[in-house]
Structure formats: structure tokens, C-alpha cells
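Asks: Got a predicted structure here, sequence first:
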Amino acid sequence: MTKRKLSRQQRWRIEKVQAERSDRASKRDSKLDQALSEGELGAEQNGLIVSHFGQQVEVEGEGGLRQRCHVRAHIDGLVTGDSVTWREGKPTGVVVACNNRESLLSRPDNHGKLKPVAANIDHIVIVIAPEPRAHANLIDRYLVAAEAIGIRPILLLNKTDLINDDNREYLDSMLTRYQEIGYPVTRASTAAERGLDELKQTLYGHISVFVGQSGVGKSSLVNSLLPGTDTRIGALSEATAKGKHTTTTARLFHFPDGGSLIDSPGIREFALWNMDREKVLAGFIEFRPFLGMCRFRDCKHEHEPRCALLDAEAENKIRPERMASYRQIIQSLNEE
């Protein structure tokens, strides 16, 4: 996606909005300082961000109490999964510090900024489905992002009850490519109630985030895995066979027997303009044994002689579909 140039008037409007936000944050901080000095807030305690609502976040305290909180102006980019220090208040509390993160999954937004998705996770569950059609390049982009931050990715084929003669070969072939290089693949159907127990075992004891296109059934999975959650779900658009955005903010849920699950809003694109060629290369894990073995140090792996990646592709050690997907991502880095 090509970055759109802003006019002078548009830049002025953005600067005006940012200045107004800064002014509101300063006034809010003054009120919080007054509440602190007058003893209206409780003692500091550890908490967990379980959801985000514009200028406020929902924090879960050590005893399970949940309360909406303001955030001190000097704290940037809190996200679901963050560990924080906060103080209880009436009617709202206040987050006074963000604790160190073990991990952070981010994605570029349409305004050229990195947008955090979830923090302190150790599993990324990439959810796909027969409908809307699963695209390998989008999966590869998620995998590259996961590998870049050292988080274990899992592929989940949901809605297996929709597999038919028209899509079975396509899905099997695509998933086989990922299994061959070591990525775990699991299958489930909330409608047919298949594969849910296996999925629970996979998620047990971990902090996982569901990512994927709108309409692949992430919220339905949450409702099935955690009865009583009643996460909002929606049907596919009949005109486009694409999902409608029913989850608008990432939300964290706890499993009764241990572990947590974050349901994130669906997206149709996952840009990687924040990464360079070397990071993208490293994100294709089957490429790694051949990196640094090309004849030329600045090899672009396109048509150069004695390119280790091209040789590996010719010897069927690298799938041509994955090589094509890599090239598509690299090409997009110059366009996004």
C-alpha cells in the first residue's frame, strides 16, 4: 500500500488534533494529581490490562477486581496483556506505570505508525478458514512478525465443517507446506464441535493471542472455549464473502485451569514496512540454513548465479510458493 502524501491543510489538522489531545491529557493529569494528593485513590498494586477503551483501559487487580482506569500522560501505548502498576479509585482508577514487557506484537497502521496488538504473549494463533478464503501471503506475514519477536506461531484451520470438494485440495496443500517446515497445525469447528478439546490442551498454561482475517471465527472460538463469554460474532458479507468487524478492541480472557487468551480485531492486510530485507529473510525459517552462502554478499535472491536460495529451490529444499511469497513481501516493502 503506497503511503499517501498529506496536504498542508491535512497536516495542520493533524497537528491541531494532537495539540488538543496533549492539552486534554495535561488537564487529566492535573485532576489525577489532585486526587492523589487528597488521598482519593487506593494504594499501588499490580494489575493486568484486559481491554482498551479509547483514553481508558480496563485493569484486572490481583484479587480479580476489574475497573476502568485513566492512564497517566507520560505512559505511551498501553495494550491488552500489559502488566501495570495502578491505584483503585471511585469511580475510575489510574494506571501509574507500565511494567517491563516480555514480548510485544505490533503491526503498522494506515497512518505509518506501529500499532501494538498484544503484550506478554507466548503463543500467536493464526486463525484461517475455508471462508473467507485463506491467503498464504497473509499467513507468511504473520509468521515473519512472530519469528521477529521470538513467539511460537500456531496455525489453526477453523470452520472445518465448511471444507468441501472445491476447497479441500487448496487447503490441504497449503497447510502441508507449513507442516513440512515445522509449524504446528490444528483444526477445529465450533459448529460441529470438533477439535476444541485439542485446542484447549494446546492453549493450556500459555498466554495466547488469536489473529487473522475478519470472519474466520475467532470470537466464535472464544465463546466455545470459554462458555458464558458471549463475545459478539457476525456473519460473512454475502456480497464479498469477507468478514465484518465485530471485535473492535483486543480483550483478554482467562481459562479456568490456567492460561489466558486474547481475541484481537480481524484485519485483511498485515504490512511489514517496519522490517528490512534481512528480518524478512530470517522470518522464513526454511531459508535460514542457506543464508550467507550465496556467491555475492549483496545477493537479492532473484536471478543471481550461485544463489544459495535459488539452488535450494531448484533442489526442492524450498517450496516455490514460499519463495514467491517472500518476493511479494520484499516487493511490497518499497510500496507500503
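Replies: Cool, the structure landed. Everything numeric here is computed off the predicted structure, so don't read it as measured data.
Asks: quick one: the strands in the stretch 151-300 of the chain?
Replies: 152-157, 185-187, 207-211, 251-254, 260-263 (DSSP state E, counting those that start in this stretch).
Asks: can I get those strands in CSV with distance to residue 301?
Replies: (Each C-beta comes from the backbone N, C-alpha and C, glycine too.) Formatted as CSV, those follow (distance: least, C-beta to C-beta, whole Å):
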stretch, distance to residue 301
strand 152-157, 23
strand 185-187, 27
strand 207-211, 28
strand 251-254, 40
strand 260-263, 35
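Asks: Just put those strands in CSV and tack on mean pLDDT, distance to residue 94 and mean neighbour count.
Replies: As requested, the strands of the stretch 151-300 of the chain are exported to CSV (pLDDT from 0 to 100; distance: least, C-beta to C-beta, whole Å; neighbours: other C-beta atoms under 10 Å):
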stretch, mean pLDDT, distance to residue 94, mean neighbour count
strand 152-157, 95, 35, 20
strand 185-187, 97, 41, 16
strand 207-211, 94, 25, 25
strand 251-254, 93, 20, 18
strand 260-263, 94, 23, 25
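Asks: Looking at those, which is nearest to residue 96?
Replies: With C-beta to C-beta, the closest approach to residue 96 among the strands of the stretch 151-300 of the chain belongs to strand 251-254: 20.3 Å.
Asks: ok, back up a step: out of the strands of the stretch 151-300 of the chain, nearest to residue 276?
Replies: Short answer: strand 152-157, nearest of those by C-beta to C-beta, at 20.5 Å.
Asks: Okay, angle between the longest strand along the chain and strand 207-211 too, please.
Replies: Longest strand in the chain by number of residues (criterion: DSSP state E): strand 44-53. With axes from the mean of the first three to the mean of the last three C-alpha atoms, to 10 degrees applied, the angle from strand 44-53 to strand 207-211 works out at 10 degrees.
Asks: and the helix or strand just after strand 44-53, what's its mean pLDDT?
Replies: Following strand 44-53 in sequence order, the next helix or strand is strand 56-61 (DSSP states H and E). For strand 56-61, the mean per-residue pLDDT is 94.
Asks: Also stretch 222-235?
Replies: Mean pLDDT, computed over stretch 222-235, is 71.
Asks: contact partners of the longest strand of the chain?
Replies: 57-62, 66, 68, 78-88, 95-96, 99, 119, 249-252 (C-beta atoms under 8 Å, 6 or more residues apart in numbering).
Asks: Next, count neighbours for residue 315.
Replies: Each residue near residue 315 was counted by other C-beta atoms under 10 Å, and the total is 8.
Asks: buried subset of the contacts of strand 44-53?
Replies: Burial by neighbour count, 16 or more other C-beta atoms under 10 Å: within those this picks out 57-61, 78-84, 86-88, 95-96, 119, 250-252.
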